[in-house]
Structure formats: structure tokens, C-alpha cells
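**Q** Sequence first, predicted model second:
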There are 6 protein chains.
Amino acid sequence: MTSQTSPNSATTRADGRAVDELRPISITRGWSRNAEGSALIEFGNTRVLCTASLTEGVPRWLKGEGKGWVTAEYAMLPRATNTRSARESVKGKIGGRTHEISRLIGRSLRAVIDTEALGENTVVLDCDVLQADGGTRTAAITGAYVALAEAVAWAQREGIVDRKKSPLTDSVSAVSVGIIDGTPMLDLPYVEDVRAETDMNVVVTGSGSFVEVQGTAEGTPFDRDELNLLLDLALAGTSELATIQQQTLEESA
Amino acid sequence: MTSQTSPNSATTRADGRAVDELRPISITRGWSRNAEGSALIEFGNTRVLCTASLTEGVPRWLKGEGKGWVTAEYAMLPRATNTRSARESVKGKIGGRTHEISRLIGRSLRAVIDTEALGENTVVLDCDVLQADGGTRTAAITGAYVALAEAVAWAQREGIVDRKKSPLTDSVSAVSVGIIDGTPMLDLPYVEDVRAETDMNVVVTGSGSFVEVQGTAEGTPFDRDELNLLLDLALAGTSELATIQQQTLEESA
Amino acid sequence: MTSQTSPNSATTRADGRAVDELRPISITRGWSRNAEGSALIEFGNTRVLCTASLTEGVPRWLKGEGKGWVTAEYAMLPRATNTRSARESVKGKIGGRTHEISRLIGRSLRAVIDTEALGENTVVLDCDVLQADGGTRTAAITGAYVALAEAVAWAQREGIVDRKKSPLTDSVSAVSVGIIDGTPMLDLPYVEDVRAETDMNVVVTGSGSFVEVQGTAEGTPFDRDELNLLLDLALAGTSELATIQQQTLEESA
Amino acid sequence: MTSQTSPNSATTRADGRAVDELRPISITRGWSRNAEGSALIEFGNTRVLCTASLTEGVPRWLKGEGKGWVTAEYAMLPRATNTRSARESVKGKIGGRTHEISRLIGRSLRAVIDTEALGENTVVLDCDVLQADGGTRTAAITGAYVALAEAVAWAQREGIVDRKKSPLTDSVSAVSVGIIDGTPMLDLPYVEDVRAETDMNVVVTGSGSFVEVQGTAEGTPFDRDELNLLLDLALAGTSELATIQQQTLEESA
Amino acid sequence: MTSQTSPNSATTRADGRAVDELRPISITRGWSRNAEGSALIEFGNTRVLCTASLTEGVPRWLKGEGKGWVTAEYAMLPRATNTRSARESVKGKIGGRTHEISRLIGRSLRAVIDTEALGENTVVLDCDVLQADGGTRTAAITGAYVALAEAVAWAQREGIVDRKKSPLTDSVSAVSVGIIDGTPMLDLPYVEDVRAETDMNVVVTGSGSFVEVQGTAEGTPFDRDELNLLLDLALAGTSELATIQQQTLEESA
Amino acid sequence: MTSQTSPNSATTRADGRAVDELRPISITRGWSRNAEGSALIEFGNTRVLCTASLTEGVPRWLKGEGKGWVTAEYAMLPRATNTRSARESVKGKIGGRTHEISRLIGRSLRAVIDTEALGENTVVLDCDVLQADGGTRTAAITGAYVALAEAVAWAQREGIVDRKKSPLTDSVSAVSVGIIDGTPMLDLPYVEDVRAETDMNVVVTGSGSFVEVQGTAEGTPFDRDELNLLLDLALAGTSELATIQQQTLEESA
């Protein structure tokens, strides 16, 4: 009897992975001593430090409504990439890409927060890319959830947030998918990302619903069948990530 | 015998439209005398002035490659909205939303441009919202295509671009769709947009392929069936828009 | 017997006007649905959208004095001009010319407002040049008056401002005059403006007093006789503009 | 026989001056060792340090045309005024007033420069207000002319500019005039300036022609007779200033 | 009997000074009429205008603690130097050097202030370099002390600060020292400063203790003996400066 | 007979160290895959990621002189500290402290570089504080040297820099010292740093010469004896650090 591989599995990726296989994922909880929650997350060589800063009080425009606020900021160290980029602090302004990703992370995490249960508290999620190799925004969302969960648990222990009612309504993770040379693939490192005809970032809750679907044709526009294949890969990938998140949070910090 | 309406048609929208009906669309070509191409586009009360500035030469990083460049900038007049917003020029920086939409418009138009056929020429698409009532970014993309087509035709008449080979590979238009009280609807004005549980912007070529799909759960995450219904509405809407674009461009300017 | 024309009238202007003749003036009230007052004003091909945003309350430094505040902001769309200019929001700062004109418009409108009768309310006049062909600042002042008058009437109808005592003490309009090839001329389009030896902007009340006189020798300094001829032209031009403003405001919006 | 004073002279000004009398004027040439030209000018307590920096070469947009360039920058030390103002460098942007005055000074000095005779050289005039008591912009123009004349003489001695053909076509000075309690007055200090109903800055060449007339109604609009009285005062004042400038420049530096 | 000079005195400095000799020092109190305290200080050709602005109240973060605040801002006029520098206000940001020196001046003056005796009052020290020839930061500190002492005396006369308990605990002055061609020297003008292998700024109280020691090897690192020789020179120099400060403050302003 | 400890050693520090004892030091080479050189350095809980980016070419002002350039940028992640700080990129400008430390790091590393041997190449040292507990600038200098040495070795292997002549003339490290409750102590963590009366940062070469001495009296000014004790501690501490640097660089990366 001969072993068989699926056509997909036979596709050669530079790092030897199958097309539906995640890179090695590592999440280190509590990497930062000073923050209420933190996680160093790695998707292969992509390495993002996520911290959650939970403080009492909310921005002025939200005061007195009995609701909390969750927001995020994303940034890259200047030499996270292969060639050094100028610091946005030195340039004196935030670029469009940074803004866009910060907003995406914030929306993604707010999708799994019950702001009333959070009470009038604010969580700022800082996602700083220490090393970049593709998929930094999806790694950031996935790591930020762990940091947020740590911070929420801390606030419950401290009595800042009600111990009986968690403001977390679900977990959330994200992954990139794309079409390379006509083949849909999961979790693209930089070398694949630059070659992708279509690039999609998908944010999914632990229970499998979509929070965000962002697909972009970098080259040829994509059709509905391709869209469906990409969504299949993304749902499988985020399901694995949700399991890893849960395992990480079940370990003692 | 009783007349029957489809369940969708029965849904009451504030402006009396069916759920799968676009707002009245108007495109005025050549609204601006000074630009190489221009269009004033209206989706109901949303009114966007799109100009295309075509100049010879490309940015430094693209020189000598025989390719052109298309980029876009989006902005809103301070009193386009119901309450006045501070000017970004006065605040001294572009906000995240502005950046994000400018980038989206640029990507959408580049998807239908053959940059080699464009030659070493640059087109800047300026989309300024004169009046806002929801769907400004999708109106901007739809109008920008008309302005771009005018500018390309001008460049061909002037001999700046080869008369025999148009750099336009297809047309492109965009529309917003969303789920309101559980019902998927097409082309949301402001009053619907703020109530949508899920909000999606879809950019589609004239031949019906996707350039960009951006779906966001503002409230409850959405499932795959809902995603499919939204895509159905968007494809029907953009198909109508493509027809209107073509008719506009066939009229003498 | 032959008819005679004055030497001035014989002067050939590119657009066929007499030296003391305004370009075709058009004012469209209520162009913007969202603002408390608005006017799209055209001086020939110069086209400026003026909106008046009236809100209750005044800036902090004026609180508790029982007086209102009127201020203005002027800007140009990037492709209002023949060649595209970079956006000031993208450059991250307002240029000197923009600042100067914004201040001029604000002073001009404040000259016809009784701030006590306005009460502790603020009006921001936004003047955005959609198409530029010389005289944008004087068109902006003339249009801003109409937008302001609309906003004041609205506030009186709403009971925000006393219905019996209008805060408008007079009307105000403005026009440019200049000396071209030694001949004083009224209302300069771009092609004349760039050739003018002396350029003057004059802001005049409906009752014929000066609010602002700004004369600049671009080439040869000017003498007192020339100054007097320019003022004669300006007073005649603003008198006509005041009549057009009044007619516009008497029409139902 | 009794001495008589004109009605004007009888008007009481806080500092005892007649209405047509300048404050004590002092110009110290060569106050700064490092600049090619410099002057510390005082109009009463107003004290402005003017330096002229002359360098070979012109801005890129003027290259190869055989013409020079003259520009100016105006600023105030933070504690030049009665209460400290924040530095514009700390605020991160130039205010509208600073921009406007810098542009006025530049235009005024360019009016007396033959840019072809200047050759491809650039002069930057820096006017820094060390102490402010009204009339800083007119003092700046008057002092900047002396600094410019010094720099031009230096460039002629150095052979950078042709010794036989001075690029200076005339001198230029400026003064403020205004109407206070209905009386036109010359050279307003701060206490008069804040009370003026009309405020006018007039820039005049040594030969008595106007370079710039900027009159603003701060309160009641002004009529043509008032305008004429103000211009009379300004012409007399600038004539005196031209004499003082000439005397200063005839002294050995 | 033969006269003897020390080896040091024999060293030829460009301006003929001995290695341990200060440049001519001049301090003019009350140079600015508008500030609560002011001094124009000259170290040879270096000329710095120091003003002290004393206002009631403290920054928000210090409110209610019964303590005052002293801070400083340093800047250079664009043509203080041999070649013109762009204004930081025009560049839109403060450079690193400016920041660093402003902070140094603030710390130095705070070292001799009893903030409780100052009460809830704020002093801003503005040090603007009108002419630069080396040692501008040390001249600024030395002059700022005189301006601060004047402002404190004014506040005591006005009853804003307790007349019986001066908030000044000591005086403070500063000087630069450096090693040139192996020889330690006091008070470096620009021509020496650029050649110094080691450059040190030393801030010393009137009673001879160190407030700040900032030594930098510009070329070869320095050893402990050299450090000690430099400190000897600095202590002698600041002792002389303290005497001049005291004499200046004893004169009637 | 009983053993004796010096009075110093008996002093109780919160972390149990002797007054002349460094915190645990850890240097991880090559922490970042993408940079030419990198080191993650830890002084106790202070953790700084240092990368060296070596590129061919130099800034414009240095071109053609056959010399290289070394510069540095320091920054802190927003949640490196106990309470979150706003990002400087979001604030739109670099603060004074950041500027000052970046300049210090750059000067310190340039002190041990022979720029001629470096050739026309540029090294940018990025020092990003991931976790802060006092002494971040001295840890940054110490770690940056290791990153620089790695990058230089890489450039020699690549033939970009001459293999026979290293541009590194010495090593360099830095440490903080301070006086707490009258006792001089080495290597202050945050809890000691805030209490220090005098705070000093000392940068020393591997051969024991000073590159930089920056001592500041935060409270009482310090005398010469105290200065000497602090320098003794610093020289001992940097000697240890030099040994650790050397050991790290001798390990295979």
C-alpha cells in the first residue's frame, strides 16, 4: 500500500510547510513585569510584544456611561525589518499603515469585550513588533488577546472588575491567508507575502464567527471560489490559534 | 388574488428603498475645469468631488522602470458632516480614518491600471467629500474611476499615453452593504450605517471580480451565511454602478 | 455722429470685459444641506463653497462676557488650481497665505457683527475653494456673508438668537482691483492677476465704508492718484456685489 | 503775541507727543558682528534686531535665471511682550500673525531691490523683536532696510555684487497710523494700538511712493476722508524715517 | 631679580588670554522693560538675553503642594552664528541640542531655589542667544541667575513671595573648560571650542559645590588627572563669576 | 577573631546588593535575526534591545571625506515603565530626555570608532527599552557596543570594511552611580534612582579613560570628595562590564 499526500500537501513552500499549516507558534505570558497583562508572541520569526495597560477611568467622551474602553497601538521597531525604517517619532507622524493596523487591532479586541462588564476602566493594548517576518498584525491581535485576558484577570483579582462576570465574551485570534501562484495558503511569511496575488487577514472569535475579513487583490482580482477557499484556510488556522491561546492562559503565569 | 411582495421588498427603510436598491446615483463629468479628469458623484446626499491630476514623470523610487503610478488622497470638508470637524491641516496631521480610506482608494484604482501601458506618468486622484451621508469611500472609488478614465483619455489624445493601448484594464466601482436588525441591506446612508451590526465595503471590477472585501462586525460577529448574503447584494449593486459609469463615459464630456 | 466709448472701456481684456466690469457673479444659497448657512459663490470660473457653522457657546477666553464669536477658515482643494498643490493636511502645516486669508475673512465678517446681539454663540465660516481663477479671497468674503446671514436667520428662527435684534449690522463684500499695463481694472482673473503691477483687495460694507484696504505693489510702487482710481473701481464693484447679495437673500432659500 | 498750537498738537497722548509726531527713533548699525548686515532699531520702547544674511546662490526654483532673492522672517522673543507667549518652536508651528508679517517684510524689501543687479545671491532678513511696544512690523521693515543696505555694501566690497551698479533702487520705511477716539495719529505704541478704531500700516519708498497700504477697521468701518488723513500722516512719518535711515547709513559703521 | 611667568600663562591663546583667564564679562540688569527680571550677559562676544517671567500659579501636576516651579527655555537667533541656521519654529520642532541645554539651565537654577519658599509661583527663564561665540549655555546659566534674582526680589516687593524668606538658597554660575593641544583652558570661545579634545561644562554654586559636571571627550578620552585640572580651572572661574553676579545685583537696577 | 565587613558593605540595599555591586548583568548576542549586529542587554530588570544597522554610504554632509558615521537612537516602549507613557510618535515629537540620551549614546560609541577605518559606511544604533528599572541609558551604551562590534565583524567578513584594520579602537561601557542618604552607590535601580541626591552617569573605555562624565545634583549640590568616591565606584563597575562584554563577544554568536 502506498502512502498518499493530498495535492495541497505536495506544494513546496520555502519553509517546508503544508499549505494549510501554521508556522511554529509560541506565546510567552507575563513577559513584561510592569504591565497588567503581557505576552510575547511568535509566529515563526515574527515576534511581537503585546502589553495590556489597565487603568481606572475612561476617556472624557465616555464618562458617566458605566462603560469601559479598549484601544490599541501598533508599532514596529526601526530594525524589526530587513532594512531599517525611520522611526515614526522622528518623522513626527504616524504613517497610514500604522494607523490602519492600530485601528484593526482595537476593533478586533473590542469585539470580544462586554464594555459594561468592564466598568469605567480603560485598557490600552500596545503591540510592538520586535522582529518582522510577515503576519505582524495577525500575530499582534492573537497576542493582544492573551495580554488582555491577563489584565482582565488581574483586575478581577484586584476587585476593579466584578469577579463574577468576566467582561470577555469570547476569545479572538487572527491569521493571514493568500494566493500564491494560484494556490491558497495559510499564514504567510514575508517571502510569500510579497508574492501573493491576493492577501487576506481574517479575525475570528473562539466560537468561529468573523470579526473582520479584509481581502485585497494585490495583482489579479479574485473570484468568489478563491474567496471561499481562503476563508476555509483562515477558519482552520484561527481554530488552532484559539486552542493555543486557551492552553497558554490555563498555564500558571 | 392578492399581490405579493418579496420579504425583502417589504422591509421599511427610512428613505423607502428596497433592501437591494441603490440610492439615486448621479455622476457629473468634467465638473472641474482645471483637472485632466473630474467627476462630481452623488449617492443620494453623499457628494464627492473627484479629480484626476495626470503629470508626466513618476516618484523617484519608480524612475527608469517604464511604469506609471496611481495614488489617491481622500478628505472631508469640515462641514460636510452634521457637526463641524476640525480641519486636519489645522490639527497638523492626517487622522487614521483618512489615511486608511486614501490607501483603499489608491489600491482599488491601481487594480484596474496596467502601469506599463500608463508609461512613466503619475495620476493623483483627489476625492474631497463636499457633503457626507454614508458611503463616502465607496462613492469616492466609483467617482474616481470616472475621473481616471477622463484623464487617461485626455493623455491619449495628447499623445502622452499610447492611443492604441489603454492602460485601463477594466472598470471598478464600490458599494457598502450591512446588516441592520438582522437584515442585509445595500448602500447604507448615515442613519443606517450607525445602526449596522456588520458593515462591509466591497470593491468590484466591471467584470465582477473582487478587488477588496472589507467586512467588520461593529456589534455581534457575523457568520458565513451572512457574509454570503452581503456579497450577493454588493455584487448586484456594483454591477449597476458599472453600467452607470459606462453610460457617463459614453456621453460627450 | 458716431458713438464714443471712454478710453477705459476700449481696453481689451482677454474675456472682453470693460475695465470697470465684474465677471458674471452667481450665488447659490443653501448648497450644503448640513450647515446652518451655506453658499456656493462664483466669480467667473472662481468657485468657493462657503458654509457657516453656528453652535451655542464660545471659546474659553470669551466665556461669561455675553458676547459671541465669528471666525473663518480658508482652504483650497489640491486641484482647484491649474497644477496640483500638496494638501496642507499632508504637509502637516498651514501655509502663510492660507493663514493670512483666513484671518482677513474673519476680520471682514466680524466688522458687520454685533457680538452682543449674537449672544454666546460661535460661527465658524469655512471657505473652501473648489475651483480657482483669481479673486478667491474676495469671493470667499462675499459668499461667507451670505452663509453667515443664512445661519443668523436660522438661529433667530430657532430662538437661539433674539428674533427682534439681528446681530448683523450691515452687509459686507469684497473685490480685487489692480493696475495692468498702467490701467486700473476691476475683478482680476488669474491671467490678469499675475501681470498686475499693483494688486489691491478692498472689503466694503453695504453702506460703503471700508473694512479693509490691502494694496501691494508687485512691481513698481504706486502713487496716490493710482490709489484713488483703484478705490473708485473697488467701491463701484462692491456696491454691485452688495445688491446681488441682497437679492440672493431675498429669494426663498 | 501768543504762541499757537494746532488743534492736533493739543491732543493729549499718553507720552506727550503731538498726533503727527514719531516716537524717538534710534538705529544702531552693525549691532551683530556675525551677519553681513545688521541694525538694532528702536521706535520708543519697541526694539527689533534686524540681520541680513547674504549668501551666494538662490533657491532651486530660481536657479539659472540670473536673479537674486530676498526673503524675511519675523519673530518675537517669548518675553518681548508684557505677558510671556509660548515659543512657536515649542508649539511646533508658526502662527498666522508671524507668517503674515514675515511675508509683508519680504515683499516690502523686494520692492526696492533690482534682483538682476543682485545676481544669483540670496538675502535672508531676520527681524527678531526683543521688546515690543506697538509697531513692531513697521520698525522691522525700517530696520531691515538698513541691514540690507549694509549687506549689499559688503557684497559690493567683496566683489560678490557689481560695485558699479547697486541692486538697491530706492530706500523703504514703514510706519503705523490709526484713528483713536476719532483722531488720526502717527506711530502708535501698544496702549494706543489696542484702542484704535482703525489701524493702518503703510510702507513707502524713499521717493514717496506706496509699496503697501494695509488698513483695517478694528471697530467702526472708516470712510474715504479718514483714509486720506491717515495716508497724509503716514507719508510725513515715512519721510522722516527715510532721512534717519540715510543718516545712519552715512555714518561709518 | 627676574620676573617669572607660569608655564600656563605663557601659552598663547588667540585672544591673548592666560589659560586660567575668563573673557571680559558684562552683565546688564533690567535690559528688558517687560519682564519681572532680566539680564543681558556677555562673555566676550557671546551675548545672551535672559528674562525671568514670574507668574502666580503652577503647572497642573504640581497644584496644591505648596511648591513653586522653575523652568528654562534656551534658543538661538538664526543669525547669532557665523552662518545662518534655520529657525526651529520654521522647522516645526526643537532640536536635540536646544532641548538638552534648556533642561540643563532649568536643573541648574532649580538647584538654588527653595520651591516651598517660592510658594505656588512659576518662573520661566528664557535665554535667547543674540550672538554666539562659544560658551552660550554657561553664559545663559550665569545670566539666568541674575534675572531670577531680580524676579524674586520683585515678587518679594510685590508681596507675592514672603519678604522675610528668600527662595534663593545660593547663587549659581557656570563656565566651560576644555583641553586644547593637551593644555587645560578656561572659558572657550568658538575657535577654541571646535578644537578641544575634551569639553566640560561645570555648574557651581556661590558656595563652591557642584550642581552639574558634564565632561565629554570629543577626541581622545581623558584621564583622571586631566579631569582634576579641568575642575580646578572651573572652580576658579565660577568663583569669579559669582563675585560679578553679586556686584551686579548690589547695584541699583 | 571575627571577620569584618566595611561600613559600605553593611549598607542595606533593597535588593540586598553591596554598595559597590552591579545588578545581575546578562547580554544575549544576535537576539535580532535581521540586524547586522544586535544584543538584548539586561541590568537586573532593565532590558534594552540594541541593534546595529550597518549600511554603505554616509550622510550627504560627510560624502567624499573617506570617513564613516555612527549615530544612535534611544526610545522606550510605552509600557516599559510602571505606568504607561504616550508614544512619542503619537505625540508627534521627540521629547527632550529622548534626544539627550540618543545624543549621549552616539557620542559614546563614536569615541571608540576610527571613522577612517570604518570607511564611508554608516552605523545606526537603535536602543529600545523593553522594560525599564533604572539605568536604561547606561545599559543601552553597554549593549550598543556589543551590537556595534557584531556589525563591524560582519562588515569585515563581508569585505565592506578592511579585514586587517578594525575600526574599533577600544570597547566602551557605562554605569550609573549616585549618592543615597549620603552613601555613594553603584548601578541604581529605579527605587534608588528617584531617591538619589546626586546622580551620575559615567562612560568609560575598556582601557579605563573617561568618555563622558555627567553628574547632576538632584537635591543638595555635591562636593569634590563625593565626586571622587562616585568616580571610584564607576571605574570599578565599568571595568566589570568591559569584561562581560569581552566574554560575550568571544562566545560564538
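**A** Noted; the coordinates are in hand. Numbering: from 1, shown residues only, chains lettered A, B, ... in the order given.

**Q** what does the stretch 1-150 of chain A put close to chain C?
**A** A:G92, A:K93 (CB under 8 Å from any CB of the partner chain). From N, CA and C alone the C-beta is placed, and that goes for glycine too.

**Q** at 7 Å what do you get?
**A** Contact residues (CB under 7 Å from any CB of the partner chain) of the stretch 1-150 of chain A with chain C: A:K93.

**Q** Look at the residue in the stretch 1-150 of chain A that chain C sits nearest to and tell me its secondary structure.
**A** Per CB to the nearest CB, A:K93 is where the stretch 1-150 of chain A lies closest to chain C, at 6.5 Å. At A:K93, secondary structure determined by DSSP: H, G, I helix; E, B strand; the rest coil is coil.

**Q** Once you drop chain neighbours, what's closest to it?
**A** Counting by CB to CB, 6 or more residues apart in numbering or on different chains, A:K93 lies nearest to B:K93, which is 5.4 Å off, once chain neighbours are set aside.

**Q** Mind telling me what element the residue lying closest to A:V124 once chain neighbours are set aside is part of?
**A** Nearest non-adjacent residue to A:V124, counting by CB to CB, 6+ apart: A:S53, 4.6 Å away. Element membership for A:S53 (DSSP states H and E) is strand A:46-56.

**Q** Is A:G208 located within a helix, as I assumed?
**A** No: under three-state DSSP, A:G208 falls outside any helix and is assigned coil.

**Q** Could I get the phi/psi values of the nearest residue to it once chain neighbours are set aside?
**A** In this structure, A:G208 finds its nearest non-sequential neighbour in A:L235, 6.5 Å apart by CB to CB, 6+ apart. When read as degrees, to the nearest 10, the backbone of A:L235 gives phi -70, psi -40.

**Q** how much space between A:L235 and chain F?
**A** According to CB to the nearest CB, to the nearest Å, A:L235 and chain F sit 31 Å apart.

**Q** rewinding a little: what's around the residue of the stretch 1-150 of chain A closest to chain C, how many residues?
**A** Applying other CB atoms under 10 Å in any protein chain shown, we find 19 residues neighbouring A:K93.

**Q** Surely it touches B:K91?
**A** No: counting by CB atoms under 7 Å, A:K93 sits too far from B:K91 to count as a contact (11.1 Å).

**Q** Next to chain E, which bits of the stretch 51-200 of chain A? Give me the list.
**A** Proximity of the stretch 51-200 of chain A to chain E, by CB under 7 Å from any CB, involves residues A:G92.

**Q** Okay, strands next: where are they in the stretch 51-200 of chain A?
**A** Applying DSSP state E, counting those that start in this stretch to the stretch 51-200 of chain A gives strands spanning A:69-76, A:121-131, A:172-180, A:183-186, A:198-205.

**Q** name the helices or strands packed onto the shortest one?
**A** Other elements packing on strand A:183-186 under the criterion 3 or more CB pairs under 7 Å, 6 or more residues apart in numbering or on different chains; DSSP states H and E are strand A:172-180, helix A:224-250.

**Q** In three-state terms, how would A:R13 be classified?
**A** At A:R13, secondary structure determined by three-state DSSP is coil.

**Q** in chain A, which ranges drop under the pLDDT threshold?
**A** In the predicted model of chain A, residues A:1-11, A:252-253 satisfy pLDDT under 70.

**Q** helix or strand for A:A35, which one?
**A** Assigned by DSSP H and E, A:A35 belongs to no helix or strand.

**Q** For A:A153, see how far away the nearest residue to it once chain neighbours are set aside is.
**A** Distance criterion CB to CB, 6+ apart; nearest residue to A:A35, sequence neighbours excluded, is A:T51 at 3.8 Å. Here A:T51 is placed at a distance of 15 Å from A:A153 (CB to CB, to the nearest Å).

**Q** which of the two has more neighbours?
**A** The neighbour comparison of A:T51 against A:A153 (other CB under 10 Å) goes to A:T51, with 30 against 18.

**Q** which residue is nearest the middle of chain A?
**A** Residue closest to the average C-alpha location in chain A (CA atoms, centre = their mean): A:I141, at 2.0 Å.

**Q** ok so, going back, any idea how far the residue nearest to A:V124 lies from chain B?
**A** 20 Å.

**Q** Pull the contacting residues for that residue.
**A** Contact analysis of A:S53 by CB atoms under 7 Å, 6 or more residues apart in numbering or on different chains lists A:A35, A:E36, A:V123, A:V124, F:R79, F:R84.

**Q** would JSON lines of those with neighbour count be doable?
**A** Formatted as JSON lines, these follow (neighbours: other CB atoms under 10 Å in any protein chain shown):
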{"residue": "A:A35", "neighbour count": "30"}
{"residue": "A:E36", "neighbour count": "23"}
{"residue": "A:V123", "neighbour count": "26"}
{"residue": "A:V124", "neighbour count": "21"}
{"residue": "F:R79", "neighbour count": "28"}
{"residue": "F:R84", "neighbour count": "21"}
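
**Q** Out of those residues, give me the two with the largest separation.
**A** A:V123 and F:R79 (11.5 Å; CB to CB).

**Q** A:T136: neighbour count?
**A** 24.

**Q** That one and A:C127 touch, don't they?
**A** No: contact criterion CB under 7 Å: A:T136 and A:C127 do not qualify, at 8.2 Å.

**Q** Identify the contacts common to these two.
**A** With contacts taken as CB under 7 Å, 6+ apart, A:T136 and A:C127 have A:V48 as neighbours in common.

**Q** Any idea how far apart the tips of stretch A:81-100 sit?
**A** The first and last residues of stretch A:81-100 sit 19 Å apart, counting by CA to CA, to the nearest Å.

**Q** That should have said stretch A:56-69, apologies.
**A** Using CA to CA, the two ends of stretch A:56-69 sit 10 Å apart.

**Q** So the residue of chain A found nearest chain D versus D:K93, what's the distance?
**A** Minimum separation of chain A from chain D (CB to the nearest CB) falls at A:G92, amounting to 8.3 Å. In this structure, A:G92 and D:K93 are 11 Å apart, going by CB to CB.

**Q** quick one: contacts for the residue of the stretch 151-253 of chain A found nearest chain E?
**A** Chain E sits closest to A:I160 of the stretch 151-253 of chain A, with a gap of 23.9 Å, by CB to the nearest CB. By CB under 7 Å, 6+ apart, A:I160 lies in contact with A:E56, A:N121.
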